[in-house]
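Asker: Sequence and predicted structure are below.
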Amino acid sequence: MRPLAIESEALTKRYGPNVAVDGISFTVERGSLFGFLGPNGSGKSTTVKMLCGLLAPSAGKARVDGLDPMGSAKQLHRRIGYMAQGFALYPDLSCAENLEFCARAQGLKLQDARESKERVAELTGVARYDRIRAGRLSGGWQHRLALAAALIHDPEVLFLDEPTSGVDPVARRELWDLFAAMAHKGKTFFITTHDLDEAQRCSRIGYVLDGSLLACGSVDELRGGERTLEDGLVALVRRSRR
């Protein structure tokens, strides 16, 4: 077993009487693609925000790259990349200006920021749109730009919250090819999705429903002897509701 990048133990988030995330526990190995699969409203984004130190848990604990997300939030933010749902960059700035801003916000010195901008722009392919305003890009290229921004400080662990939502099939495949290539080189990805085809590209999957983690394992393990992953998940949900 490879070293762990992410550990969650009974992680819980309550809002008054409502439980958004209900005591979930799992681990993610370094250099892997971990898919956090579940329908909208199942607690995926809330879990990501707790793991990134953006939201305090009500109970339980977690470690990301060896750090407590809440106790060491400032240190952690230098080690992780976070790509939120939707397009969160500045539409009126060019691609290059967005990346340079993100680099400076991460504390990179001017020369380092420029070099990092060139590196991630080349890696993600957005270098060709350096001078184009971000708001004029297609959905697929906006997602690539957001990924480049998350990579700007060369983090070891990346949290991508539904990174291909609203992206056309070709761009989606290209993005997943890029994720897989970076994971092969040692980056760790925690990717939320509600798409079964995307989930099946992950080395391991956690399936969450109504804030509870119903299962965690490989595609074959979640299939559970059923014909397809979808059949396995349907059987899993049925058992959980008995």
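Answerer: Here it is on my side, so go on. Numbering: from 1, shown residues only.

Asker: which residue of this protein sits farthest from its center?
Answerer: For the chain, the largest distance from the centre (CA atoms, centre = their mean) belongs to Arg242, which lies 31.8 Å off.

Asker: how close does that one get to Ala235?
Answerer: 11 Å (CB to CB, to the nearest Å). All C-beta spots, glycine's among them, are computed from the backbone N, C-alpha and C.

Asker: for Asp68, same thing?
Answerer: Between Asp68 and Ala235 the computed distance is 37 Å (CB to CB).

Asker: re earlier: just the pLDDT at the residue farthest from the centre of the chain, thanks.
Answerer: Looking at Arg242, its pLDDT is 79.

Asker: all helices for this protein, in order.
Answerer: Remark: helices assigned in the chain by DSSP state H are 44-51, 73-79, 95-105, 110-124, 139-151, 169-184, 196-199, 219-223, 229-240.

Asker: show me what contacts the residue minimising distance to the centre of the chain?
Answerer: Nearest residue to the geometric centre of the chain (CA atoms, centre = their mean): Leu160, 2.2 Å. The neighbourhood of Leu160, defined by CB atoms under 8 Å, 6 or more residues apart in numbering, consists of 83, 147, 150, 179, 189-192.

Asker: okay, these in JSON lines with pLDDT, neighbour count and distance to Gly140 next?
Answerer: Shown next, in JSON lines, are those (pLDDT from 0 to 100; neighbours: other CB atoms under 10 Å; distance: CB to CB, whole Å):
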{"residue": "Met83", "pLDDT": "93", "neighbour count": "22", "distance to Gly140": "14"}
{"residue": "Leu147", "pLDDT": "92", "neighbour count": "24", "distance to Gly140": "11"}
{"residue": "Ala150", "pLDDT": "94", "neighbour count": "22", "distance to Gly140": "16"}
{"residue": "Phe179", "pLDDT": "93", "neighbour count": "22", "distance to Gly140": "14"}
{"residue": "Phe189", "pLDDT": "97", "neighbour count": "23", "distance to Gly140": "18"}
{"residue": "Phe190", "pLDDT": "98", "neighbour count": "26", "distance to Gly140": "21"}
{"residue": "Ile191", "pLDDT": "97", "neighbour count": "26", "distance to Gly140": "16"}
{"residue": "Thr192", "pLDDT": "96", "neighbour count": "25", "distance to Gly140": "18"}
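
Asker: Which one of these is nearest to Ser32?
Answerer: Ser32 lies nearest to Phe189 out of the contacts of Leu160, by CB to CB, at 7.3 Å.

Asker: hang on, the closest one packs against Phe179?
Answerer: Yes. At 5.5 Å, Phe189 counts as touching Phe179 under the criterion of CB atoms under 8 Å.

Asker: overlap in contacts of these two?
Answerer: With CB under 8 Å, 6+ apart, Phe189 and Phe179 have common neighbours 33, 160.

Asker: Once you drop chain neighbours, what's closest to Arg114?
Answerer: Leaving aside its sequence neighbours, Arg114 sits nearest to Glu100 (CB to CB, 6 or more residues apart in numbering; 7.0 Å).

Asker: quick one: the one you found and Lys117 touch, right?
Answerer: Yes. Counting by CB under 8 Å, Glu100 does reach Lys117; the two are 5.4 Å apart.

Asker: So which of those two has more stuff around it?
Answerer: Neighbours were counted for Glu100 and for Lys117 using other CB atoms under 10 Å; Lys117 has more, 27 against 19.

Asker: got a list of what the nearest residue to the more buried one once chain neighbours are set aside touches?
Answerer: Leaving aside its chain neighbours, Lys117 sits nearest to Leu99 (4.2 Å; criterion: CB to CB, 6+ apart). With contact set as CB under 8 Å, 6+ apart, Leu99 has these partners: 116-117, 120-121, 126, 145, 148-149, 152.

Asker: want to try CSV for these, with pLDDT and distance to Arg201 as columns?
Answerer: What follows is the contacts of Leu99, written out as CSV (pLDDT from 0 to 100; distance: CB to CB, whole Å):
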residue, pLDDT, distance to Arg201
Ser116, 94, 27
Lys117, 93, 28
Val120, 94, 22
Ala121, 93, 25
Val126, 93, 22
Leu145, 94, 22
Ala148, 94, 21
Ala149, 94, 23
Ile152, 94, 25
